[in-house]
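**Q** Have a look at this prediction, sequence included:
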Amino acid sequence: MEKSRGEKGGFMSLSSSGRIESSFSDMSISSTGSGFGNTSGFGLSTDAESFSSKSKGRPPASAAAPKGQGMQLGKTKRTNQFLESLKAEGEVIIEDVKPSASQSKVSLPPTDPITLTIEEKLSVTIKRDGGVGTFDIQGTLSVQILNQDDGLIQFQIENRDITGLSFRTHPNINKELFNSDHIVGLKDPNRPFPSGQNDVGVVKWRIQGMDEAALPLSVNCWPSVSGNETFVNIEYEASDMFDLQNVVISVPLPALREPPSVRQIDGEWR
């Protein structure tokens, strides 16, 4: 069973026949995000006043939704039966057509002369009784320059004081200049950055060993057994520091003769 949710907090309660053994072990949450400037998850931003730049791959942040809102699940089976009965009576039913995967992946070519992309990937394991088991963030700063005439540039990043943060620059980047002033530029200042349609990674960073306060999402799972049934309450809460999109929570369940019965939920499940 999976549950997707884009709000700041939510609740889910489900039950199933048969005793669920201790399968709710350490839960892991993985998150991938990209951004530009101060919207980046852990504080890498760029000073790009001297040229045009654009965040890539992230929609504009929307206003924070109030906590506690959710969606009520509909009954798909009964809806399908109702539509079939209408068709049998001669009614014309126009069904929604979802775009194919190939259509959704098509993106327009970039038009800005210079594009900076910041991408961070978070992998964390949370212990059953709380606390962080493993915490690892890996980030990449890439630059894309369409025309070679625009390749003679340097740009500065903001380095926040974060414990466990380490940087690694591309071999062609001036490492001394980056370490002293956090300026990204080539070793040869007369040499332009590569141009074309492809991104060029210039700086990578890694953060390890942070605590639960740095997590973008927290999940609480409480299973309880009553007779031959197991009731499970799952709560989650998102941090106000992040704008999460397309969140999916996967709950590991043992093989059951019948699917679990969801009593209450904020969001959608399948």
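**A** Done, it's in. Since we're looking at a predicted model, the values are computed, not measured. Numbering: from 1, shown residues only.

**Q** alpha carbons only for contacts and neighbour counts from here, please
**A** Fine.

**Q** Low-confidence regions, the protein specifically.
**A** Counting by pLDDT under 70, the chain contains low-confidence ranges at 1-107, 257, 269-270.

**Q** at 80 instead, please
**A** Under the criterion of pLDDT under 80, the regions of the chain flagged as low confidence span 1-110, 128-130, 159-161, 252-260, 264-270.

**Q** Just the helices from it, written as ranges.
**A** Per DSSP state H, the chain carries helices over the ranges 76-88, 101-104, 175-181.

**Q** where along the stretch 51-200 of the chain do the strands fall?
**A** Counting by DSSP state E, counting those that start in this stretch, the stretch 51-200 of the chain has these strands, from start to end: 114-126, 132-145, 155-159, 165-169, 183-184, 200-208.

**Q** Distance to Asn190 and mean neighbour count for the ones you listed - can I get that in TSV?
**A** Formatted as TSV, those follow (distance: least, C-alpha to C-alpha, whole Å; neighbours: other C-alpha atoms under 10 Å):
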stretch	distance to Asn190	mean neighbour count
strand 114-126	18	20
strand 132-145	16	19
strand 155-159	15	16
strand 165-169	19	15
strand 183-184	14	21
strand 200-208	17	18
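
**Q** would you turn those into a markdown table with distance to Ala255?
**A** Output for these, formatted as a markdown table (distance: least, C-alpha to C-alpha, whole Å):
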| stretch | distance to Ala255 |
| --- | --- |
| strand 114-126 | 24 |
| strand 132-145 | 27 |
| strand 155-159 | 48 |
| strand 165-169 | 42 |
| strand 183-184 | 53 |
| strand 200-208 | 36 |
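
**Q** Of all those, which one is nearest Cys221?
**A** The closest of the strands of the stretch 51-200 of the chain to Cys221 is strand 114-126. By C-alpha to C-alpha, the value is 11.6 Å.

**Q** relative to strand 200-208, how tilted is the closest one?
**A** With axes from the mean of the first three to the mean of the last three C-alpha atoms, to 10 degrees as the basis, strand 114-126 and strand 200-208 are set at 20 degrees to each other.

**Q** helices or strands up against strand 114-126?
**A** Counting contacts by 3 or more C-alpha pairs under 8 Å, 6 or more residues apart in numbering; DSSP states H and E, strand 114-126 packs against strand 27-35, strand 132-145.

**Q** Distance-wise, check Glu176 relative to Gly164.
**A** Taking C-alpha to C-alpha, to the nearest Å as the measure, Glu176 and Gly164 are separated by 20 Å.

**Q** sorry, back to before: Leu244: which of the strands of the stretch 51-200 of the chain is closest?
**A** Relative to Leu244, the nearest member of the strands of the stretch 51-200 of the chain by C-alpha to C-alpha is strand 114-126, separated by 12.8 Å.

**Q** what angle do the closest one and strand 132-145 make?
**A** Relative orientation of strand 114-126 and strand 132-145, computed by the same axes, to 10 degrees: 170 degrees.

**Q** Which strands border strand 114-126, and is each parallel or antiparallel?
**A** Sheet pairing here is set by DSSP bridges, and for strand 114-126 it gives strand 27-35 (antiparallel), strand 132-145 (antiparallel).

**Q** ok, and what's touching the longest one?
**A** So the one you mean is strand 132-145. The contact list for strand 132-145 (C-alpha atoms under 8 Å, 6 or more residues apart in numbering) reads 113-127, 151, 193-212.

**Q** As PDB, could you dump the C-alpha coordinates of that strand?
**A** C-alpha atoms of strand 132-145 as PDB (Å, rounded to 0.1, in the frame of the first residue of the first chain):
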ATOM      1  CA  VAL A 132      18.200   8.700  13.100                       C
ATOM      2  CA  GLY A 133      20.000   5.600  12.000                       C
ATOM      3  CA  THR A 134      21.700   6.900   8.900                       C
ATOM      4  CA  PHE A 135      21.600  10.300   7.300                       C
ATOM      5  CA  ASP A 136      23.200  11.200   4.000                       C
ATOM      6  CA  ILE A 137      22.700  14.200   1.700                       C
ATOM      7  CA  GLN A 138      24.500  14.400  -1.700                       C
ATOM      8  CA  GLY A 139      24.200  17.600  -3.700                       C
ATOM      9  CA  THR A 140      25.400  18.800  -7.100                       C
ATOM     10  CA  LEU A 141      25.700  22.300  -8.700                       C
ATOM     11  CA  SER A 142      25.600  22.200 -12.500                       C
ATOM     12  CA  VAL A 143      25.800  25.000 -15.100                       C
ATOM     13  CA  GLN A 144      24.400  25.000 -18.600                       C
ATOM     14  CA  ILE A 145      25.600  27.700 -21.100                       C
END
